[in-house]
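Asks: Give me coordinates for this.
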Amino acid sequence: MNVERSGPHFPPRARRVIYLFQAGAPSQFELFDDKPVLREFDGRPLPASLTRGVTVNDQLRDRKLLAAGAPFGFRRHGDCGHELSELLPNLGAVADRIAIVRSMQTEQLNHDPALNLMQTGHPAAGRPSLGAWVGHALGSSNRKLPAFAVLVSRGRWFSNPLNARLWGSAFLSGRHQGIELRSGSDPVLFLRDPEGIAREQRAAQLATQRELHALHCARSGDPECSTRMAAQELAYEMQASVPEALDLTRESPATLALYGAKPGQSSFANNCLMARRLAERGVRFIQLYHKGWDHHYQLPKTLTAMSREVDRASAALLVDLERRGLLHDTLVVWGGEFGRTPMNQGGQGGDRYGRDHWGKAFSVWLAGGGVRAGAAIGRTDDFGFDVVERPVPVHDLHATMLHLLGLDHERLTFRHQGRDFRLTDVAGEVVAELIA
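Replies: The predicted model follows:
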């Protein structure tokens, strides 16, 4: 029989997670993985020794595989010497706080299965999300707020849709699914009471419903009875707690300026600041999605704008968490679902070119919560075509995140339809080099 876990397997390094997910897949070449040789080859075919026998995306299969060098400069930052793009000056200022993995790998080359894999550990729909697994294992430390909160923002460019299953609970209890929160006057849809219903009346209704649910649970033995009741009681508490938690007008002008946040608007900057407010109030897993990174064409223009949208707020989050004493036990993760090709797409040179999907190598960064600050994990070849040192598959990233939360990914299982399921499926290895 499955039971709810109530704590970690061993002492945790992190007590909460803020996952800054960049949906659409940002280009590692323009941001984190400088390739001078690729720039030298710009416009020329990639060496046949790399491409011979390799099946690439359908869009590129019948084209010459022409190298596309990044048009932006890189420089070293901090004592650690991280090489970062000129598009990320604010992140460069906090380089010594982050660890960069340049050797991420995935077998998924289309957005939907790649998003599923990165968020649920499996490319097909029907598995619990990472946040749901963490909530199942560790529970909530604030009964007035959800254990798993979701905030979505959109860049100014084309965005692929995000399905709510990415933060769903699947076969875990429904109480562990992510709850999407919004800035503005209505932070959770359908949460307000109807006109004419006072707070006291709602409390009395809940008391009566609790009695009826208890009778029904005793008769039916259906565990979803308690799940429904817990959801109703949490909704009641959230009517007061969520508006307060997301009210950015309570922040100082200096803090708003640090993030570039503007109360009442919908933006990645606002969501980063709200994530910090949720973290300090005990929310266990805070998932941010920022859409608009699928740059198949006009990459220099679009990537510049997107980087400007996230650079300041991402760095501000680390600074703000640290000065409030939260960074040491808050795991922050930044990255997308796969990488981009070293070959061009959409025309060579100028503002026309873009990059297609690429799973052989991409980059993410992590900070706080037991991460070895300043570390650089893995290496790609001179063209960024493939990983040549310390490959890190998606399941390894998940295993490491769970490990930092005090959870053994092989022991965190749930029996469903006759077999034990886990976030890392039948794979996963903790990346020891990432742990301080």
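
Asks: Would you mind naming the residues that bridge with W358?
Replies: G339 (DSSP bridges).

Asks: wait, what's in contact with it?
Replies: Residues in contact with W358, defined by Cβ atoms under 8 Å, 6 or more residues apart in numbering, are L109, F338, G339, R340, T341, P342. C-betas here are computed from N, CA, C, even on glycine.

Asks: 6 Å - rerun?
Replies: For W358, the contacting residues are G339, R340, T341, by Cβ atoms under 6 Å, 6 or more residues apart in numbering.

Asks: what number of residues lie near the residue lying closest to the second one once chain neighbours are set aside?
Replies: When the adjacent residues along the chain are set aside, R340 lies closest to R355, with 3.5 Å between them (Cβ to Cβ, 6 or more residues apart in numbering). Summarising burial for R355: neighbours were counted as other Cβ atoms under 10 Å, giving 26.

Asks: So R355 sits against P342, correct?
Replies: No: proximity of R355 to P342 does not meet the contact threshold set by Cβ atoms under 6 Å, at 7.8 Å.

Asks: What are the boundaries of the strands in the stretch 201-350 of the chain?
Replies: When secondary structure is read from DSSP state E, counting those that start in this stretch, the stretch 201-350 of the chain shows strands at 285-291, 330-335, 339-340.

Asks: Which of those strands sits closest to P8?
Replies: Taking Cβ to Cβ as the criterion, P8 comes closest to strand 330-335 out of these, the separation being 13.1 Å.

Asks: Which positions in the closest one come out as buried?
Replies: Neighbour counts using 16 or more other Cβ atoms under 10 Å place T330, L331, V332, V333, W334, G335 of strand 330-335 among the buried residues.

Asks: what lines up beside that strand in the sheet?
Replies: Applying DSSP bridges, one finds strand 330-335 paired with strand 16-23 (parallel), strand 362-367 (antiparallel).

Asks: then the first one to CSV, C-alphas only?
Replies: Looking back up the chat, that one is strand 16-23. As requested, C-alpha coordinates have been extracted for strand 16-23 and formatted as CSV (Å, rounded to 0.1, in the frame of the first residue of the first chain):
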residue,chain,number,x,y,z
ARG,A,16,13.1,24.2,-1.3
VAL,A,17,13.5,24.6,-5.1
ILE,A,18,13.0,27.5,-7.5
TYR,A,19,13.2,26.2,-11.0
LEU,A,20,13.6,29.0,-13.6
PHE,A,21,12.5,27.0,-16.7
GLN,A,22,13.2,28.7,-20.1
ALA,A,23,10.6,27.0,-22.3
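
Asks: Can you give the distance from it to the centre of its chain?
Replies: Counting by Cα atoms, centre = their mean, to the nearest Å, strand 16-23 is centred 3 Å from the centre of its parent chain.

Asks: by how many degrees do it and strand 285-291 diverge?
Replies: For strand 16-23 against strand 285-291, the angle between stretch directions is 10 degrees (axes from the mean of the first three to the mean of the last three Cα atoms, to 10 degrees).

Asks: can you start the count at 614 instead of 1 from here on
Replies: Yes, from this point I'll number from 614; that puts the last item at strand 629-636.

Asks: Contacts for strand 629-636, please.
Replies: Outside strand 629-636, the residues that reach it (Cβ under 6 Å, 6+ apart) are 888, 892, 897-904, 906, 943-947, 949.

Asks: go on, stretch 753-773?
Replies: Counting by Cβ under 6 Å, 6+ apart, the neighbours of stretch 753-773 from elsewhere in the structure are 637, 724, 744, 748, 780, 791-794, 850, 854, 880-881, 884, 891, 894-905, 907, 915, 919, 922.

Asks: Among those residues, the buried ones, what's the PyMOL command?
Replies: A single PyMOL command suffices to select whichever of those are buried according to 16+ other Cβ under 10 Å:
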select buried, resi 637+724+744+748+780+791+792+793+794+854+880+881+884+891+894+896+897+898+899+900+901+902+903+904+905+907+915+919+922
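
Asks: As JSON lines, the strands paired with strand 943-948 with mean neighbour count, mean pLDDT and distance to G694 would be great.
Replies: Shown next, in JSON lines, are the strands paired with strand 943-948 (neighbours: other Cβ atoms under 10 Å; pLDDT from 0 to 100; distance: least, Cβ to Cβ, whole Å):
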{"stretch": "strand 629-636", "mean neighbour count": "25", "mean pLDDT": "98", "distance to G694": "23"}
{"stretch": "strand 975-980", "mean neighbour count": "26", "mean pLDDT": "98", "distance to G694": "15"}
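
Asks: Nearest approach to L775 belongs to which of those strands?
Replies: Closest of these to L775 is strand 629-636, at 6.1 Å (criterion: Cβ to Cβ).

Asks: Mind giving me the packing neighbours of the following helix or strand past the closest one?
Replies: The first helix or strand that comes after strand 629-636 along the chain, using DSSP states H and E, is helix 641-644. Applying 3 or more Cβ pairs under 6 Å, 6 or more residues apart in numbering; DSSP states H and E, one finds that helix 641-644 contacts no other helix or strand.

Asks: again, 10 Å this time
Replies: With contacts defined as 3 or more Cβ pairs under 10 Å, 6 or more residues apart in numbering; DSSP states H and E, helix 641-644 has these neighbours: strand 695-698, strand 711-718, helix 912-936, strand 952-953, strand 975-980.

Asks: avg pLDDT for it?
Replies: Helix 641-644 comes out with an average pLDDT of 98.

Asks: got the contact list for the very next helix or strand once past it?
Replies: Towards the C-terminus, the helix or strand next in line after helix 641-644, according to DSSP H and E, is helix 649-653. Helix 649-653 is touched from outside by 642, 659-660, 680-684, 687, 955-956, 994-998, with contacts defined as Cβ atoms under 10 Å, 6 or more residues apart in numbering.

Asks: now helix 649-653, how far from the chain's geometric center?
Replies: Distance, centroid of helix 649-653 to centroid of chain: 30 Å (Cα atoms, centre = their mean).

Asks: Name the next helix or strand downstream of that helix, please.
Replies: Towards the C-terminus, the helix or strand next in line after helix 649-653, according to DSSP H and E, is helix 661-664.
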